[in-house]
Structure formats: C-alpha cells, structure tokens
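[1] predicted coordinates and the sequence they were generated for:
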Amino acid sequence: MYIPHETQRNSAPLRPLHPALALAMALLFAGCVATPKPGTTKMAPTPVGVIEKVEQPVNYLRRTNLNSEVPVFIVSSRNLNDKLIRGVDPFGNARNDEPVPHLAIADVQVGEGLSSEQIYRESTTEVKRKKTRLKLREVTITDPLTDVDPWATGNEGQRHSSHQWMQAIRKQLDQSRDRQITIFVHGFNTHLITNTEQAADLYHYMGRNGAMINFEWPSEGKLLGYIADKGNAQQSTRLFRSMIASLAEATDASRILILAHSAGNPIVVNAMRELRLIESDLTAEQLTDKYKIDRVVLAAPDMDVMEFFNGVFDRFYELANGVAVYASPDDKALRVSSFLFADTRLGRSIGQLKPWEEKVLDVADGIEMINVSQPERIYRVGTGHSYFHRDPWVSSDIGLFLYELDTEQRGLVKDEGDVFWKFPKDYRERLQSLGR
C-alpha cells in the first residue's frame with residue numbers, strides 16, 4: 001500500500017476506505033482491540049519531571065492511602081445497555097437516543113494486591129516493568145436529568161446545582177487540596193473501561209487532587225468505526241460546551257483543566273469556539289473568570305489544520321489561560337488520517353504550516369505549539385500516537401504545563417523563526433537543574 005508523504009491542503013471529501021487502507025489502520029491506530037477486561041490498563045511510565053522532583057503534586061501521594069479506590073465522574077452520550085459489559089460497563093458504543101447525557105460515578109482500584117509503598121515507588125521512580133494496574137470496579141449511574149435541554153448555555157436556571165452528580169463533585173472538591181476539575185476527552189476506537197482507567201491514572205499522577213471527569217462521547221470501539229466516530233465526536237461538541245458552562249456555575253470550582261487526545265480534540269476546540277462566539281461581548285479576562293478554564297492540552301489532535309485555524313480566528317483560546325498543542329511528524333496514525341481526508345492534520349503539522357498560519361500563531365496569545373519528535377526518537381512509543389501518557393518526557397511537560405510553568409521554565413527551546421517549541425537533547429539535565 002502506498003500513502004503519499006504529503007497531501008494537498010484542501011477540503012476534499014473523505015476518501016473511500018479500501019481494504020488495504022483498513023488493514024493499515026488496524027496496524028497503526030492505538031487501542032484496536034475488543035472490549036477490554038477491567039484491570040488491563042497499566043500505570044503509565046513515570047514522567048521524568050516526577051523522577052527529577054520537579055512536578056510537586058505527585059509528592060502528596062506519600063501521605064495518601066494509595067490502596068483506596070479513586071472516583072472518576074462520567075458524562076456520557078453513549079446509549080445504555082440492557083446488561084453490563086464485562087460486569088461493570090453499563091454503556092454501549094452507539095449514541096444515546098435522548099438529548100440528555102447520562103451521568104455516572106466510577107470507582108477505580110489502583111494497584112490491586114500491592115502495598116501503598118509499592119504503588120508510591122512505582123509512581124515516583126523509573127520502574128520499567130510496573131506491576132501497578134488500574135481496574136474499573138463499578139459504575140453507578142445517577143438520577144437522570146429530565147430537561148430536554150438540561151444544560152442550555154446562557155440559561156442560568158438550568159444548571160442542576162442540587163443534582164446528586166453535581167453535589168458529589170462539590171463534595172469531592174470540598175475534600176481536595178484545590179478546587180480543580182480535570183476533564184479527559186478520549187480519542188478514536190476506545191471503550192469506557194479503558195478510558196475510565198486511563199482517566200484514573202492521570203488523576204493519580206496529578207496527586208489525586210480535585211475531581212476527574214471522563215467525557216465519554218460515543219466511540220464505536222472498532223477499527224471500521226472511524227468514520228462513525230468522527231461524526232459522533234462532531235455531534236458531541238454542544239454537550240461538551242454545555243457541560244463546561246454547568247460545571248463552572250454549579251460546582252464552585254476554582255479552575256478547570258482539559259486534556260484531549262486524538263479525535264477528541266475537535267470537540268474541545270469547537271466547543272470553546274462556540275462559547276467565544278456566544279459570549280462575544282465579554283473580554284478574555286471575563287471569559288476565563290466565568291468558565292474557569294485554566295489550561296487546555298491538545299495531544300496528537302486528529303483535526304484538519306484549517307478547522308483549528310477557524311477556531312483561532314474566532315479566538316477560542318481566549319477562554320483559557322493557556323493552550324498547548326502537541327504534535328509529531330512521525331505520528332503514523334495521523335498519517336493515515338491525513339490520507340483519508342486529503343489534508344494536513346494538526347497533530348502532524350510540523351514543517352507543513354504555511355507562512356500566514358505561522359504568523360497567526362505568533363500573534364495568538366496563549367497558544368503553544370510543541371514538537372515531540374525528539375522524545376519519540378528515544379522512546380518510540382507504538383505508532384507515535386499515544387505519547388501524551390506513554391512517553392515520560394511528553395507526559396512530564398504536560399504536567400508542568402498544567403501547573404502553569406512557561407515553556408522556558410519547562411526546559412523547552414525554540415529555533416529562531418520557528419513556531420514550534422521542542423525538547424532539547426539535554427532535556428532531562430535541564431529538568432534536573434529545575435528540581436534542585
């Protein structure tokens with residue numbers, strides 16, 4: 001099979017999915033498995049920032065009972081099943097046929113059978129063969145929302161601050177060091193079990209601070225569901241937008257962090273873009289004060305570069321205090337996606353941006369473009385698409401970004417005239433100096 005090295009930047013329609021290309025996607029995209037069993041998710045490699053004692057939140061784990069289950073809050077637009085999948089998953093892989101989301105709370109076990117000391121050691125040191133796994137124990141669906149448009153943006157009377165799910169988040173925030181909410185938005189070909197366990201892993205490395213939400217848009221969880229997944233992601237934009245508005249108003253959160261991966265990125269960018277257009281009379285400062293969005297991570301974004309720039313032109317980034325885009329020229333999954341859509345994908349746009357696009361990014365305050373090719377050459381994580389949590393250099397930078405360090409403080413460098421920051425070869429040594 002031949003895939004062109006470069007594709008033309010245009011709005012050509014989706015190309016037919018030929019059998020050879022389907023086989024290539026089977027080999028390239030991450031997560032191409034049947035519904036996983038709970039407990040198959042391994043703890044991610046320890047970020048080098050944690051090893052070098054730069055990232056501080058994980059240090060709180062020493063004073064935590066790590067054997068306790070961690071809560072993950074779920075907002076799902078998937079359909080409900082008649083019976084539980086794998087004994088824990090109440091959702092299917094199709095869209096919910098109602099306009100209201102399902103709200104649930106999951107309990108995830110970290111390191112079953114291991115001592116708290118063992119879990120802490122694997123969380124903070126460079127252990128290559130980790131025994132710690134994440135295991136989804138239970139998913140409890142809360143009372144349904146009854147309004148046809150339950151989280152209508154701009155309607156101050158429909159935030160459901162008294163709903164049990166919102167109250168549970170408030171209680172979690174009351175018990176935390178900071179009133180922060182982190183939202184994980186998964187990518188293509190995934191399942192609720194893995195997504196929820198991965199969200200719990202992220203929450204663990206953030207020092208189990210605040211509340212973690214898994215935004216479960218309906219992925220079909222299979223290779224040939226790629227086109228359906230892209231459509232479902234697009235359909236989920238409004239729900240995500242409304243969820244942000246509701247959380248900001250009903251939970252008394254001090255800040256909201258967002259981490260999106262792959263096909264989940266357009267949901268986030270377009271939701272923020274729509275909120276910026278709806279609130280066109282507000283300043284950037286008023287927007288961040290109202291919606292509480294602090295930092296946004298767009299990891300390996302599977303979205304058209306021009307779609308992203310439409311969001312930039314409409315100033316989506318003004319809803320946040322910072323947006324970081326992580327990209328790799330060696331992302332094999334996005335190479336296939338670029339071929340399918342006959343365009344450049346944002347997560348593989350290094351060296352492919354036009355001069356006017358680079359100029360726009362130079363003046364867009366708060367957007368960081370980050371090239372992860374250097375750490376990927378060292379760690380070679382699978383297809384080069386899941387580096388946000390499997391590559392310890394990249395996961396380290398994401399953690400430092402979320403905790404409001406700027407690019408130079410995080411040890412990144414930029415060549416003159418380039419819009420992309422990059423990891424220098426001595427990145428680890430730079431972090432060592434920061435950790436002293």
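    Looks like it came in fine. Numbers count the residues shown, from 1 in each chain.

[2] which parts of the stretch 101-250 of the chain are helices?
    116-124, 164-174, 192-205, 226-235, 237-250 (DSSP state H, counting those that start in this stretch).

[3] report the buried residues of the helix or strand hosting residue 389.
    Using DSSP states H and E, residue 389 falls within helix 387-390. Buried positions in helix 387-390, judged by neighbour count with 16 or more other Cβ atoms under 10 Å: 387-390. Every residue, glycine included, has its C-beta placed from N, CA and C.

[4] how close does residue 349 sit to residue 334?
    Per Cβ to Cβ, to the nearest Å, residue 349 is found 9 Å from residue 334.

[5] between these two, who's got more neighbours?
    Set residue 349 next to residue 334 and count neighbours by other Cβ atoms under 10 Å: residue 334 wins out with 28 against 23.

[6] if we can go back for a sec, compare the helices of the stretch 101-250 of the chain and report which one is nearest to residue 433.
    Nearest to residue 433, of all those, is helix 116-124, at 19.2 Å by Cβ to Cβ.

[7] could you pull out the strands for the stretch 1-150 of the chain?
    In the stretch 1-150 of the chain, the strands defined using DSSP state E, counting those that start in this stretch lie at 41-42, 70-76, 78-85, 89-95, 102-110, 133-141.

[8] JSON lines please, covering those and showing distance to residue 295.
    Listed next are those as JSON lines, based on distance: least, Cβ to Cβ, whole Å:
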{"stretch": "strand 41-42", "distance to residue 295": "24"}
{"stretch": "strand 70-76", "distance to residue 295": "19"}
{"stretch": "strand 78-85", "distance to residue 295": "27"}
{"stretch": "strand 89-95", "distance to residue 295": "28"}
{"stretch": "strand 102-110", "distance to residue 295": "23"}
{"stretch": "strand 133-141", "distance to residue 295": "23"}
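
[9] my guess is residue 245 contacts residue 292, does it?
    No: with contact defined as Cβ atoms under 8 Å, residue 245 does not reach residue 292; the gap is 10.0 Å.

[10] nearest to residue 206, out of the strands of the stretch 1-150 of the chain?
    Among those, the nearest to residue 206 by Cβ to Cβ is strand 70-76 (10.7 Å).

[11] list the pairing partners of that closest one within its sheet, with orientation.
    Strand pairing for strand 70-76, using DSSP bridges, gives strand 102-110 (antiparallel), strand 211-216 (parallel).

[12] would you turn these into a markdown table with distance to residue 339, mean neighbour count and mean pLDDT?
    Output for the strands paired with strand 70-76, formatted as a markdown table (distance: least, Cβ to Cβ, whole Å; neighbours: other Cβ atoms under 10 Å; pLDDT from 0 to 100):
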| stretch | distance to residue 339 | mean neighbour count | mean pLDDT |
| --- | --- | --- | --- |
| strand 102-110 | 35 | 23 | 97 |
| strand 211-216 | 28 | 26 | 98 |
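
[13] would you reformat those strands as TSV and include distance to residue 231?
    Output for the strands paired with strand 70-76, formatted as TSV (distance: least, Cβ to Cβ, whole Å):
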stretch	distance to residue 231
strand 102-110	20
strand 211-216	16
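
[14] which of the strands of the stretch 1-150 of the chain sits closest to residue 279?
    Nearest to residue 279, of all those, is strand 70-76, at 21.6 Å by Cβ to Cβ.

[15] could you tell me the angle between the closest one and strand 133-141?
    Here strand 70-76 points in a direction 50 degrees away from that of strand 133-141 (axes from the mean of the first three to the mean of the last three Cα atoms, to 10 degrees).

[16] just give me how far strand 70-76 sits from the chain centre.
    Taking the mean C-alpha point of strand 70-76 and that of its whole chain, the gap between them comes to 14 Å (Cα atoms, centre = their mean, to the nearest Å).
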